[in-house]
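In: missing the sequence, but the structure's below:
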């Protein structure tokens, strides 16, 4: 896969990425999109989300700090995105932690077409119907085979499924990528999962005709930046700063020499 | 203009700056105010905004992640600020992106006296009645002369108008300053525009009898800090950290040797 | 006091710390908990807060950007925490600034058992019934003896009281600790008070059978990290980054050689 070409598309097209996301990591979601050269916009009022999605190239939904009203705004935004034929990324943050989260995720999935469902292992397993628990927003134990779960959910929802973890799985009904970049320090930083969903939004916004490859390329670039960042950092906070800086300065050479995307 | 004297006033008086702002950049808005030596407070419940504005020296409104209810709280806060005779800064973030934003900005402007309207070129042009579009929250193309638009809106609304960009315009009915400090890296960092509005709030809170000069001085100080920051930074995230550190450590010497404020 | 043993418990047990907190410092509250090795989760929908508290080891409530609805969710969460016998920390952020804040704090205190009430001097004095004013969210003047106020409120509410300041007081009905670590730079950074409440949440979540000691130990660790951070930093933003990094890397040696906890 020519990962760098996907990054080049983001930098050239600077897609607007509309977010309805959580209040914890909203800044970092916006900044990571901007660091990659795209244009983030955060707006959630029911009265304007359709208009905002209408001028965007991708929509990112993240249920981290959901409320019932917020989910209704997400539905309006997702339907508008569908009607404009722009990709919709759903981060099922915390699915498996409470029945309310599970219910609202399923409502979103039933109400509009979601292009990419993204979560950690227990979040995705829960949305695929497995009886697992998520520890707040950190992954719980998942007994089953993750590749199988990704393929199962991709087939069920006719979409791309992303499971983040030590290795990331990016699968649709026809194929699966494995992204082997990334570092353990990401798990010590709040919001790296949310940022990954926003990065995917920027990449699929720039290359909407091949969203599975674009999602894998986006994750790969983000995680290459993490590998560069961890060498300079002293802990999670300096790591996040280097990460956001390297997303901005990543070169073709960095990508070509470091990418680890398999099938 | 003796820019440093305005900074000195902020540090000496430590004005309380009450914000109703967006959820994306709320932390940075608070921190930049604190870095300059003032005291930020963020509160938006309809039941308390009048009381909070009553103990503040300036009020900053930013519609970045507006909802209808939030705008109602802004109206209460703005009327309270008017009755206490403290300056009100309105950042018309995203005006020109959706009809809802335009409508709510105009409601705010009609409902209370706004002392300073601040935005990028397309946001201000839209509020001045021009037919332009904002690309999410990033400036769209504005054909007309920006100085003219600023003067026009200042006359129409009897206020000071700030247009941020490569050069910033700070104009009221009688005069206009041009602030020529600042660096391009600011456009790669989420929230520098919002922070600029909060900085203006701190400066006009300390010098309420000359808000046009205070606004220009505040922008100048913020942007001198950006010029110092960019020399040390490796990307947008380290840049923002240096920026917030330099706002805290700016010296008289920095200001006097670097200020570029013209008329 | 063996402060390090409390830090070890946090790192070994990695307690889930459920927050209903403010939108300004929510990220830093989550990250400081994660930096110490615990697992933060932020969730405020009335429909799920009881479930989320049910899987947590501690609950942290912070009224910084309160609304009436948000307080209702806090009540549900606090009652659920009581029924699961997990400690509840309440940061009475801004008490004494507006009547609405005072009223809502008292409602929370009357509605469920709060294990730890935390605030700065004027916030705590106000909640203890004294006629003092808070300057937004920064401490106002408190004439009376702080140790007396802490003991008085601890007896009244049958809880532990934490007053943060140059020296921190951690008192229950039977004893009081004084934590003498910390640096003045903390007062120039937005959110260090909120982060302190979250740190207390992580420590009491790991050691729920001795919450007064755990709270003092948590503050001590956080403030030792601040002492290490200030030596490296250039201003408030770099200071915060070093602070969050040092919370992650603190060693037994750091704690033993630097701790200043008296009685």
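Out: Cool, got the structure. Predicted model, so just to flag it, every value in this text is computed and none were measured.
In: Point me to the residue of chain A nearest chain B.
Out: residue A:245 (2.8 Å; C-beta to the nearest C-beta). (Glycine included, C-beta is placed from N, CA and C.)
In: roughly how far apart are the residue of the stretch 101-250 of chain A found nearest chain C and residue C:232?
Out: As assessed by C-beta to the nearest C-beta, chain C sits closest to residue A:235 within the stretch 101-250 of chain A, at 2.8 Å. Distance check for residue A:235 against residue C:232: by C-beta to C-beta, to the nearest Å, it reads 12 Å.
In: Do I have it right that the residue of chain A closest to chain B meets residue B:235?
Out: Yes - in this structure, residue A:245 is within contact of residue B:235 by C-beta atoms under 8 Å, at 2.8 Å.
In: In contact with residue A:71, which residues?
Out: A:63, A:104, A:107-108 (C-beta atoms under 8 Å, 6 or more residues apart in numbering or on different chains).
In: Out of those residues, grab the one that's most surrounded.
Out: residue A:63 (27 neighbours; other C-beta atoms under 10 Å in any protein chain shown).
In: who are the neighbours in contact with it?
Out: Residue A:63 touches A:22, A:71, A:74, A:90-95, A:101, A:104-105, A:108, counting by C-beta under 8 Å, 6+ apart.
In: with these in mind, which one is nearest to residue C:44?
Out: Among these, residue A:22 lies closest to residue C:44 (C-beta to C-beta), at 10.5 Å.
In: who touches that closest one in this structure?
Out: A:62-66, A:93, A:194, C:42.
In: isn't there a strand covering it?
Out: No - checked against DSSP: H, G, I helix; E, B strand; the rest coil, residue A:22 lies outside a strand; its state is coil.
In: Once you drop chain neighbours, what's closest to it?
Out: residue A:64 (2.8 Å; C-beta to C-beta, 6 or more residues apart in numbering or on different chains).
In: Check residue A:178 too.
Out: The nearest residue in space to residue A:178 (C-beta to C-beta, 6+ apart) is residue A:262, at 4.7 Å.
In: so how many other residues sit close to that neighbour?
Out: By other C-beta under 10 Å, neighbour count at residue A:262 equals 11.
In: can the host helix or strand of residue A:30 be found next to chain C?
Out: In this structure, residue A:30 sits in helix A:26-35 according to DSSP states H and E. Yes - Helix A:26-35 lies in contact with chain C when judged by C-beta under 8 Å from any C-beta of the partner chain; the contacting residues are A:27-28.
In: Show me what that helix is packed against.
Out: Packing partners of helix A:26-35 (3 or more C-beta pairs under 8 Å, 6 or more residues apart in numbering or on different chains; DSSP states H and E): strand A:16-20, strand A:39-42, helix A:192-206, helix A:236-249, helix B:236-249.
In: what's the angle from the longest one to helix A:236-249?
Out: Okay, so that is helix A:192-206. Interaxial angle, helix A:192-206 versus helix A:236-249 (axes from the mean of the first three to the mean of the last three C-alpha atoms, to 10 degrees): 10 degrees.
In: Average pLDDT for helix A:192-206, rounded please.
Out: Across helix A:192-206, the average pLDDT comes to 98.
In: can you check the first one too?
Out: The average pLDDT for strand A:16-20 rounds to 98.
In: And for the last one?
Out: In this model, helix B:236-249 has an average pLDDT of 98.
In: do the helix or strand just after that helix and chain C meet?
Out: The helix or strand immediately downstream of helix B:236-249 is helix B:252-258, counting by DSSP H and E. No - Helix B:252-258 lies out of reach of chain C by C-beta under 8 Å from any C-beta, never closer than 13.2 Å.
In: next helix or strand past helix B:252-258?
Out: strand B:261-262.
In: Report the contact partners of the closest residue to residue A:49 other than its chain neighbours.
Out: Sequence neighbours aside, residue A:77 is the residue nearest to residue A:49 in space, at 4.0 Å (criterion: C-beta to C-beta, 6+ apart). With contact taken as C-beta under 8 Å, 6+ apart, residue A:77 is in contact with A:18, A:20, A:49-50, A:52-53, A:59, A:61.
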